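# the sequence and its predicted three-dimensional model are supplied below.
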Amino acid sequence: MKISGVMRGFGGALAAGLILAGGLALFAIEGLRVGGPLFRQIVDNKDIVADILPPPLYVVEADLVATKLVAHPDTVDAAADKLAALRKDYDTRNAYWKTAPIDPAMRAMLVDESSAPAMEFWREIDQEILPAVRSGDLERARQGLARADAAYETHRAVIDKVVVMANHDAAAVEARAAGQTRLAFVLLAGAGVLMLLVVGGGITLMSRRIVKPIQAMTGFMGRLAAGDYDRAVPFAGRGDEIGEMANSVAVFREAIVARQAAEDRIAAERDETEAAKARHDAERRSEEAGRLQVVEALGAAVARLKSGDLTARLETAFPSAYEGLRGDFNRAIAGLEAALSEVIEGAGGLRAGACGPGPARSAARSRISRPAPNARPPVWPRRPPPWARSAPASNAPPRARTRPTAP
């Protein structure tokens, strides 16, 4: 599995976990908040008990027991036990509310103002009503009950004020608790959204800073392996681990580029060497062909000269390096032909003088110009060619040609 897939899976799991945790927290707060289902059940159960049983700090039940006792003196023992239990419960709750964390004004009214008439009520019960009933003095018991009822009325007036204050304080506390609950819901929802944003931002940041650079480096390494060395290494300027990895890849790429350049240079030099060698070989072959052409042409011309053909010329052009040789050869043969012509004319004149003019001279000239087949060429005296002869001085008289005299 790729890193990008792992990152997306991790981010999805983390986001799902945060949503689930937030939902459970909201569900718990909704159930336990003030005014919630569980709170209402607790309050209802306490209200049921309060509606059924009289409160111990309120002496209304003790006043009812005392009234029944005066009306039925024969129940004095049971009434005495009941009143003792109610007195004990009153003292216990009164001691509790002296230190309970309630409103000081409510504590002063509940503990101090309501306690004074309550204690007066209990003194009448213990000191007047019970002893009078036990002694059979019902008139005294009725008078004590009247004083106890007066104390009870005073106590009840204070208790009624405490009830109003407690209800008002409970409503205020419940409203404050509801506000805090709403604030807790808002804060929890905000924290959940913030966590989701943090998770999403972290995943996005990691994707951009880690996953995508790794993917880019993977693609670059693939192109580098395929022989693409022209592109620069991405993220080489970063100062983190991705940048260090990119710098390492850049060093590797530079080494490959340097090696490739060296190989290209060596290949170019090798190609240049081979091309130079090919040119040299071509030139050498061309020179050899030119030399062979010159040798063959010269051989053919010499063969013609050897057979006595003084009209042999090198007509085909030679390579530029041997073109001068062709010109020299043709000029030399032309000069030789001219010299031989003069010699032939001179010899013909001599022979004509000896044999007479006419057919004899033509026959001699023909025999000289047309040598017999397979005959060796005549050996003529060497004379300089016409162009090598020095011209006569301009003031010297021309030399007269002399004819040989007949023998």
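Perfect, I can see it now. Computed from a predicted structure; not experimentally measured.
# low-confidence regions, the stretch 51-200 of the chain specifically.
51-53 (pLDDT under 70).
# quick one, helices of it?
60-71, 76-99, 104-107, 115-124, 130-135, 138-206 (DSSP state H, counting those that start in this stretch).
# could I get those helices as CSV with distance to Ala25 and mean neighbour count?
To be clear about C-beta, it is placed using only N, CA and C from the backbone, and glycine gets the same treatment. Listed next are those as CSV, based on distance: least, C-beta to C-beta, whole Å; neighbours: other C-beta atoms under 10 Å:
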stretch, distance to Ala25, mean neighbour count
helix 60-71, 45, 18
helix 76-99, 34, 15
helix 104-107, 34, 13
helix 115-124, 45, 18
helix 130-135, 59, 17
helix 138-206, 6, 15
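# and of those, who's closest to Gly11?
helix 138-206 (3.9 Å; C-beta to C-beta).
# show me what the closest one is packed against.
helix 3-32, helix 60-71, helix 104-107, helix 115-124, helix 130-135 (3 or more C-beta pairs under 8 Å, 6 or more residues apart in numbering; DSSP states H and E).
# and it, how far out from the chain's middle?
58 Å (C-alpha atoms, centre = their mean, to the nearest Å).
# can you name the element that comes right after that helix?
helix 212-225 (DSSP states H and E).
# and the next helix or strand past that next one?
helix 241-306.
# and stretch 296-309, how far out from the chain middle?
Using C-alpha atoms, centre = their mean, the offset of stretch 296-309 from its chain centre is 87 Å.
# same deal with stretch 231-243?
Remark: stretch 231-243 is offset 10 Å from the chain centroid, using C-alpha atoms, centre = their mean.
# that stretch: end-to-end distance?
One end of stretch 231-243 to the other measures 16 Å (C-alpha to C-alpha, to the nearest Å).
# quick one: contacts of that stretch?
209-210, 213-214, 216-217, 220, 223, 246-247, 249-250, 253 (C-beta atoms under 8 Å, 6 or more residues apart in numbering).
# centroid residue for the chain?
Pro213 (2.2 Å; C-alpha atoms, centre = their mean).
# in contact with that residue, which residues?
Counted by C-beta under 8 Å, 6+ apart, Pro213 has contacts 234-235, 238, 242.
# the residue nearest to Leu314 when sequence neighbours are not counted: neighbour count?
Nearest non-adjacent residue to Leu314, counting by C-beta to C-beta, 6 or more residues apart in numbering: Arg326, 4.6 Å away. Per other C-beta atoms under 10 Å, the neighbour tally for Arg326 reads 20.
# any idea of the mean pLDDT for the host helix or strand of Arg326?
Secondary structure from DSSP H and E places Arg326 in helix 323-355. Averaging pLDDT along helix 323-355 yields 79.
# now for that helix, which elements pack on it?
Looks like helix 323-355 contacts helix 241-306, helix 359-369 (3+ C-beta pairs under 8 Å, 6+ apart).
# out of those, which comes closest to Thr316?
Among the helices and strands packed on helix 323-355, helix 241-306 sits nearest to Thr316 (C-beta to C-beta), with 6.2 Å.
# okay, the angle between the closest one and helix 212-225?
20 degrees (axes from the mean of the first three to the mean of the last three C-alpha atoms, to 10 degrees).
# quick check: Trp122 vs Glu128, distance?
11 Å (C-beta to C-beta, to the nearest Å).
# quick one on the thing from earlier: lowest average pLDDT across the helices and strands packed on helix 323-355?
Looking at the helices and strands packed on helix 323-355, the bottom one is helix 359-369 with a mean of 47.
# burial count for Cys246?
No, residue 246 isn't Cys; it's Ala. Should you count by other C-beta under 10 Å, Ala246 turns out to have 23 residues around it.
# and if you look at the one 4 residues further on?
For Ala250, the count of nearby residues is 16 (other C-beta under 10 Å).
# quick thing: my sequence starts at 10, can you match it?
Renumbered: residue one is now 10, and that last one reads Ala259.
# residue contacts, it?
241-242, 245.
# mind giving me the ChimeraX select for those residues, buried ones only?
To isolate the buried members of these in ChimeraX, using 16 or more other C-beta atoms under 10 Å:
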select :242,245
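# where's the dip in pLDDT among the contacts of Ala259?
Within the contacts of Ala259, pLDDT is lowest for Ala245, at 79.
# what's the spacing between the closest residue to that one other than its chain neighbours and Arg217?
Of all residues not flanking Ala245 in the chain, Ala255 sits nearest, at 4.3 Å (C-beta to C-beta, 6+ apart). Remark: distance between Ala255 and Arg217 (C-beta to C-beta) = 15 Å.
# now swap in Ile275 and tell me
Applying C-beta to C-beta to Ile275 and Arg217 gives a distance of 44 Å.
# returning to what we had before: let's have the helices of the stretch 60-209 of the chain in a markdown table, adding distance to Asp318.
Shown next, in a markdown table, are these (distance: least, C-beta to C-beta, whole Å):
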| stretch | distance to Asp318 |
| --- | --- |
| helix 69-80 | 174 |
| helix 85-108 | 160 |
| helix 113-116 | 159 |
| helix 124-133 | 172 |
| helix 139-144 | 187 |
| helix 147-215 | 103 |
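# and of those, who's closest to Glu296?
Ranked by C-beta to C-beta, the member of those that lies closest to Glu296 is helix 147-215, at 75.4 Å.
# taking helix 85-108 as reference, get the angle to the closest one.
40 degrees.
# what comes up buried for the helix holding Arg335?
Applying 16+ other C-beta under 10 Å to helix 332-364 flags 335, 338, 342-344, 348-349, 357, 360-361 as buried.
# next: stretch 245-258.
Quick answer for stretch 245-258 (16+ other C-beta under 10 Å): 245, 251, 254-255, 258.
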